[in-house]
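**Student:** need a structure here:
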Amino acid sequence: MAILASCLYHLPHFLPKTSRRRSIGALPIRSRLEAHDNMEFSQTSSSQSELQSSDVWQLFTEAQQNILYLNKQRMVAVEELNKAKEEIQTLHQRIENLEAGKHEYTGGDKSSILWEVLLRIDSMVLTGLIDGGDASDLRRLVMDSKVSFPDDVVPLLQKRDAELLAELRRLSRQSKRSGFHVVHVCTEMEPVVSVGSLGSYVTGISRALQRKGNLVEVILPKYKSLDLTMVQGLQEIQSEFYSYFNGQLHGNKIWTGVVYGIGVTFLEPLYYSSLFNREMVYGYSDEFERFTYFSRASLDYLVKVGKHPDVIHIHNWETAIIGPLFWDIFINQGLSATRILLTCQDFASQCLEQPEKLALCGLDPSRLNRPDRLQDHSKAHLVNILKGGIIYSNKVIFLSSINSKGRILWSPGHGLEPTLSSHKDKLVVAPYGFDQTMWDPSRDELLPENFSVSDMKGKGICKSSLQQHVGLSEDASSILVGCIVSEISDVDLESLLGFLRLADLRGIQFLFMGVSRLPSIDNALQSLSEELEVKYPCCCFNELSLT
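**Tutor:** Residues are numbered from 1 along each chain as shown. So this is what the prediction gives:
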């Protein structure tokens, strides 16, 4: 055993050198392979680590971008939500206002239903179902009837004219008449067509008179620009009626409806369709022809349908020609009990025309071109239409909240002093008034603070909020004047700038609101606003475009 162990111990020394080298070199090769494998594994792990690090960074970048995008979308959503909340609040306010006033002008109120019946009677006359005398009796029946509105009358509106006529003739109970029948012949009525203050005045006074038991209706031209969204029961009468103009009879289309419980008739010329099929209500060279045609057609219509109003209420020079037309032509056509009331909002627009143009509507120029009739005081070769309205009206109302009757009579500049002096007994000065059913600051939820006549504290808060909103200095003691500039405003820029110069020195603030439906007028208002705001920091000009 010892010998065997010794041999095994010394065996390497007896092997050949090559064998020894091969044997000795075998261990380093395995080590090198293992080292190489370890190196490759290390490199692979490093690459995988770098790749994983790159992927993580890319994911982080994408996540960061997604977060920024989501945050941006969140801000947009919040802005849209706030806008939606404001719109909902405005809608709720409108609904509350409509609910508060629904008994005055909704489809189920007495005035609206009464007017739907009366306008159906007009349709019966135009279609030849009844004559003017029958129509007058039926109107009186409806106006004086003790029939309960709307329960007994609403079903009648679903019937044809012949059936409705039969039912109306069966209504025999009548009561003593109360109130007056007033017909406004005018060029504006809010909200159907309103350019200046005339539209709101006509609507306000009509509603006020009707609330007191009077029967009030309005006749308007059918302009291209009418807003008919608030007209209930709008319908076209399937028959034409004819009116006189320029030596001939011309056909007209009639439309009827109800606005705020007031019966409204729209006259649409057929042959002279271009008179009112225009972009603007006013501002054309043929204004005399346009409104003279309408005035004559309105009187022809009243006679045609057999209406006998107590008062025909005309407004400004545009319908002032009705005065001479009524007394020279229509007084003996069933209107002998009717009287003419003229309202003037100012004397700036009077309409001076060649006398021979009066013949267009059937008047005699030779009879009217006299100093005591329509002849203008300053320009004797022309006739003054507003002057004619004053002379031929039974009463004349001048709207003013600041001027006295004496100041109006003797105020120089308008050229009507002799006429007003001769007719001063029929001149009445009245304020514009305010229809609180249209807007009530004590109930308007959109105001920062409500106020009323009995509690005016909230008005100061509203004033401060308005100053802040438009960028004016918040000074409770400063006077803030609001001015509405519309497409018919006759602004003397030089006089206005001079006035603003003095006002600026006294710390008076002005807020101008430009209101127009026309792009051309919008541009003019924008130019005016830029000039005012640059020169006078006391001024702010906001523009409300209706285009």
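
**Student:** what's the burial count for M280?
**Tutor:** Around M280 there are 17 other residues, counting by other C-beta atoms under 10 Å. No exception for glycine: its C-beta is placed from N, CA and C like everyone else's.

**Student:** the one 5 residues further on too?
**Tutor:** S285: 7 surrounding residues under other C-beta under 10 Å.

**Student:** the chain should start at 30 in everything you say after this.
**Tutor:** Noted, 30 is the first residue going forward, which turns the last one into S314.

**Student:** roughly how far does it sit from R307?
**Tutor:** For S314, the distance to R307 equals 12 Å [C-beta to C-beta, to the nearest Å].

**Student:** so Y271 is in which element?
**Tutor:** Per DSSP states H and E, Y271 falls inside strand 270-274.

**Student:** repeat for G162
**Tutor:** If you go by DSSP H and E, G162 is part of helix 161-173.

**Student:** helices and strands around that helix, which ones?
**Tutor:** Helix 161-173 sits against helix 139-155, helix 190-198, with contacts defined as 3 or more C-beta pairs under 8 Å, 6 or more residues apart in numbering; DSSP states H and E.

**Student:** closest one to G225 among those helices?
**Tutor:** Among those, helix 139-155 comes nearest to G225, with 25.8 Å by C-beta to C-beta.

**Student:** which positions in stretch 232-247 come out as buried?
**Tutor:** Buried residues in stretch 232-247, counted by 16 or more other C-beta atoms under 10 Å: T232, G233, I234, S235, R236, L238, Q239, N243, L244, V245, E246, V247.

**Student:** which pair in these spans the largest distance?
**Tutor:** Those two in these that are separated most widely, counting by C-beta to C-beta, are G233 and L244, at 16.8 Å.

**Student:** so where is the stretch 30-179 of the chain shaky, pLDDT-wise?
**Tutor:** Low-confidence segments of the stretch 30-179 of the chain, defined by pLDDT under 70: 30-82, 121, 123-138, 173-179.

**Student:** now with 50, please.
**Tutor:** Within the stretch 30-179 of the chain, the ranges that satisfy pLDDT under 50 run 30-56, 58, 62, 131-136, 175-177, 179.

**Student:** beta partners for V245?
**Tutor:** The partner list for V245 in beta bridges (DSSP bridges) reads V211.

**Student:** that one and K455, how far apart?
**Tutor:** Note on V245: its distance to K455, by C-beta to C-beta, is 22 Å.

**Student:** got the contact list for H342?
**Tutor:** For H342, the contact set (C-beta atoms under 8 Å, 6 or more residues apart in numbering) comprises V211, V212, H213, V214, C215, L370, T372.

**Student:** for T232, see how far away the third one is.
**Tutor:** Taking C-beta to C-beta as the measure, H213 falls 10 Å from T232.

**Student:** and if you look at A505?
**Tutor:** Distance, A505 to T232, using C-beta to C-beta: 34 Å.

**Student:** what do you get for G290?
**Tutor:** The gap separating G290 from T232 is 11 Å, by C-beta to C-beta.

**Student:** ok, L155 next?
**Tutor:** Here L155 is placed at a distance of 26 Å from T232 (C-beta to C-beta).

**Student:** ok, L476 next?
**Tutor:** Counting by C-beta to C-beta, the gap from L476 to T232 is 23 Å.

**Student:** and for S483?
**Tutor:** 26 Å.

**Student:** the strand or helix carrying L278 - contacts with which helices or strands?
**Tutor:** Using DSSP H and E, L278 sits in strand 277-288. If you count contacts as 3+ C-beta pairs under 8 Å, 6+ apart, strand 277-288 packs onto helix 139-155, strand 261-265, strand 270-274, strand 291-298, helix 316-333.

**Student:** tabulate these (TSV), appending mean neighbour count and distance to Q379.
**Tutor:** As requested, the helices and strands packed on strand 277-288 are exported to TSV (neighbours: other C-beta atoms under 10 Å; distance: least, C-beta to C-beta, whole Å):
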stretch	mean neighbour count	distance to Q379
helix 139-155	22	33
strand 261-265	15	34
strand 270-274	20	22
strand 291-298	23	24
helix 316-333	23	11
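
**Student:** wait, which of these is closest to Q87?
**Tutor:** Distance to Q87, taken as C-beta to C-beta, is lowest for strand 261-265 among the helices and strands packed on strand 277-288, at 65.5 Å.

**Student:** off-centre distance for the closest one?
**Tutor:** Taking C-alpha atoms, centre = their mean, to the nearest Å, one finds the center of strand 261-265 at 20 Å from the center of the full chain.

**Student:** I'd like the mean pLDDT over that strand, please.
**Tutor:** Rounded to a whole number, the mean pLDDT of strand 261-265 is 93.

**Student:** what helices or strands is it leaning on?
**Tutor:** helix 139-155, strand 277-288.

**Student:** go again using 6 Å as the cut-off
**Tutor:** strand 277-288 (3 or more C-beta pairs under 6 Å, 6 or more residues apart in numbering; DSSP states H and E).

**Student:** tilt between the strand it packs on and strand 270-274?
**Tutor:** Interaxial angle, strand 277-288 versus strand 270-274 (axes from the mean of the first three to the mean of the last three C-alpha atoms, to 10 degrees): 120 degrees.
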